[in-house]
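S.K.: Sequence plus predicted model, see below.
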Amino acid sequence: MKKGRLYLIPNSLDFGIEGAAVDLQAVLPLQVIQTAARLEHWAAENAKTTRAFLKRVDAICPLAQPLQSLQVKELPRPPKGRAADLVNQNQAWNALLAPALAGHDMGLNSEAGLPAVADPGALLVAAAHEADIEVVPMSGPSALLMALSASGLNGQSFAFVGYLPVEAPARTARIRELEALSVRQQQTQLMIETPYRNSALLHALLSSLKPQTRLSISCGLSLEQGWTRSATVAEWRSSGESMPDKIPAVFALLG
């Protein structure tokens, strides 16, 4: 039996931002919307979010089946570390691919942006390759790459380092480590934070980085109120600019 394909269906970047819904057609190619409309089997970090996404798709391109009849299964939660948990998790990831193994195309949907990029769906993509299932990435917004392109920092060499430690001493040490690495390799360092900690991260960066280090922040990308600002740390300090605590942001530095 011919296997189905796993389509990586991107989402808009307005997840969880009240009153900020964007027109899907403004951020997703029509081919992505049409592909999403025909798929009947889905894997998602959050089934509720994916069903909300598909409802928006349906308003543009009618779904092949009623929303209620679509199969949307959630990705497994991280294992606790015991051997039995790891075995059960591997089985759970493989079980999600059952529709594709049975010959049906299926979709992987992210909470926001591209699936499998700063996203737990990467493990499902890895499982698909192990099972010899074709993986089809589709175009859509990526907050990380949009922020990098808008930053004016080094786009030839960059690294995404995820979240920084929450504890102040460990966070300061990590910031200085990343700054030293950036200086040594002339590599842009990209990071994110839970939106309600945006201000705390900005304060930590301005307190820990050298005055001449360049810092770029992109906030609410693709939204009407979105913005990007790039300046030296010294300029950020003198501006006294604050951060919204409810809108996702990407932080980038280059020493």
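M.R.: All right, it came through fine.
S.K.: Could you check how far the helix or strand where Arg56 lies is from the centre of its chain?
M.R.: Per DSSP states H and E, Arg56 falls inside helix 47-60. Centroid separation between helix 47-60 and its chain, computed with CA atoms, centre = their mean, to the nearest Å, is 18 Å.
S.K.: Check which helices and strands the helix or strand following that helix sits against.
M.R.: The first helix or strand that comes after helix 47-60 along the chain, using DSSP H and E, is strand 71-74. Strand 71-74 sits against strand 41-44, helix 47-60, with contacts defined as 3 or more CB pairs under 8 Å, 6 or more residues apart in numbering; DSSP states H and E. The way it works is simple: take the backbone N, C-alpha and C, and place the C-beta from them, glycine included.
S.K.: dump the residue contacts of Trp236.
M.R.: 202, 206, 215 (CB atoms under 8 Å, 6 or more residues apart in numbering).
S.K.: before we move on, back to that, and the helices and strands packed on strand 71-74 as JSON lines, adding distance to Asn198, mean neighbour count and mean pLDDT?
M.R.: Output for those, formatted as JSON lines (distance: least, CB to CB, whole Å; neighbours: other CB atoms under 10 Å; pLDDT from 0 to 100):
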{"stretch": "strand 41-44", "distance to Asn198": "26", "mean neighbour count": "24", "mean pLDDT": "97"}
{"stretch": "helix 47-60", "distance to Asn198": "21", "mean neighbour count": "17", "mean pLDDT": "95"}
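S.K.: rewinding a little: let me know the closest of the contacts of Trp236 to Ile17.
M.R.: Of all those, Leu202 has the smallest distance to Ile17: 18.7 Å, by CB to CB.
S.K.: In this structure that closest one contacts Ile217, no?
M.R.: Yes - at 7.2 Å, Leu202 counts as touching Ile217 under the criterion of CB atoms under 8 Å.
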